[in-house]
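Chemist: return atomic coordinates for the entry below.
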Amino acid sequence: MDSQKTPINKLALAIFITMSLASCNSDDTDTTTPVSTEVPAVYKKIYGATSITSDGTYITIKTKNLPDHKSPYYAAGNALYEAYSGKTFSGVNFAKNPNTIAEYNATVKIPLNPKVDAAHAATPLGPIGIALNGVALFNQYAGPNNQALTGEIASFDKYYGHPQNTGVYHYHVEPLYLTTVKSTKSGLMGFLLDGFPVYGPQEENGTTVTSSMLDAYHGHTHPTADYPNGIYHYHFTADAPYLNGSGYYGTPGTITQ
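Modeler: As a prediction, this is how the structure comes out:
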């Protein structure tokens, strides 16, 4: 009998060990849930955005903030310039302010899954949300120290918007172009920075919404065509505070240039 031992092939042994470890590891279950970055269809209704993306936590919307309707606030050489001398919101006679619409490149970041925030942070002056046409939404105040909006209403154009001193066009009240041309009085109008949607001044059954029908933040919860399982949402109303009351219902995201 040959007593000589057969030499071990080191390469074959290494391969055997590697395959054995791989086989053992294959039994482990990967419980990590992949994060979806698909943009839900409801956000794609923001047709005025230059881009809309999701990281699974936030929806990021980029806009130039230029209204897609005619206005006397566009420069005279602009194709959307149109002189106006009629009535505006609440039947007030229009009186143009000295400002001109300017491009405002903004990045709006809102929670993908908005939740109520007990802090209910106050809405600041300036943009607090975005309309479907990419235009900024402002709160119920005309300036510092919570000045009433009544002094500015005359300067709203026929679609109920106007630019402030640096040219940022915005809506404080019902965006008439959206409620009468692009959508309906009960349709989705946009989102506030806390991620909760904003609807027009009517319910889907045709009922006109008033502030007395809403909570302190100017909203309530029930199903809508976009959210059949129900969601908290704001409404525009003809009476103050028009869009938002005592602060955001949820935790606001950010808006930057």
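Chemist: would you confirm that residue 166 contacts residue 102?
Modeler: Yes - here residue 166 reaches residue 102: they are 6.7 Å apart, a contact under CB atoms under 8 Å. C-beta: built from backbone N, CA, C; applies to glycine.
Chemist: mind listing the helices for the stretch 1-150 of the chain?
Modeler: With DSSP state H, counting those that start in this stretch as the criterion, the stretch 1-150 of the chain has helices at 10-25.
Chemist: low pLDDT regions in the protein?
Modeler: Low-confidence segments of the chain (pLDDT under 70): 1-33.
Chemist: tell me the centre residue of it?
Modeler: Residue closest to the mean C-alpha point of the chain, counted by CA atoms, centre = their mean, is residue 191 at 3.3 Å.
Chemist: any figure for the gap between the closest residue to residue 172 other than its chain neighbours and residue 159?
Modeler: In space, and not counting its chain neighbours, residue 172 is closest to residue 138: 4.9 Å by CB to CB, 6 or more residues apart in numbering. To residue 159, residue 138 is 15 Å away according to CB to CB, to the nearest Å.
Chemist: of those two, which one has the most company?
Modeler: residue 138 (27 against 24; other CB atoms under 10 Å).
Chemist: for the more buried one, give me its contacts.
Modeler: 125-128, 170-172 (CB atoms under 8 Å, 6 or more residues apart in numbering).
Chemist: out of these, who has the most neighbours?
Modeler: residue 171 (28 neighbours).
Chemist: tell me the buried residues in stretch 36-52?
Modeler: Across stretch 36-52, burial judged by 16 or more other CB atoms under 10 Å covers 39, 42-43, 45-46, 48-49, 52.
Chemist: can you redo those as a markdown table with distance to residue 202?
Modeler: Listed next are the buried residues of stretch 36-52 as a markdown table, based on distance: CB to CB, whole Å:
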| residue | distance to residue 202 |
| --- | --- |
| 39 | 27 |
| 42 | 19 |
| 43 | 22 |
| 45 | 18 |
| 46 | 21 |
| 48 | 22 |
| 49 | 25 |
| 52 | 26 |
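Chemist: can you tell me which of those residues is nearest residue 152?
Modeler: Taking CB to CB as the measure, residue 152 lies nearest residue 48 of those, at 22.9 Å.
Chemist: was I right to think residue 133 contacts residue 179?
Modeler: No - contact between residue 133 and residue 179 fails when scored by CB under 8 Å: they sit 11.7 Å apart.
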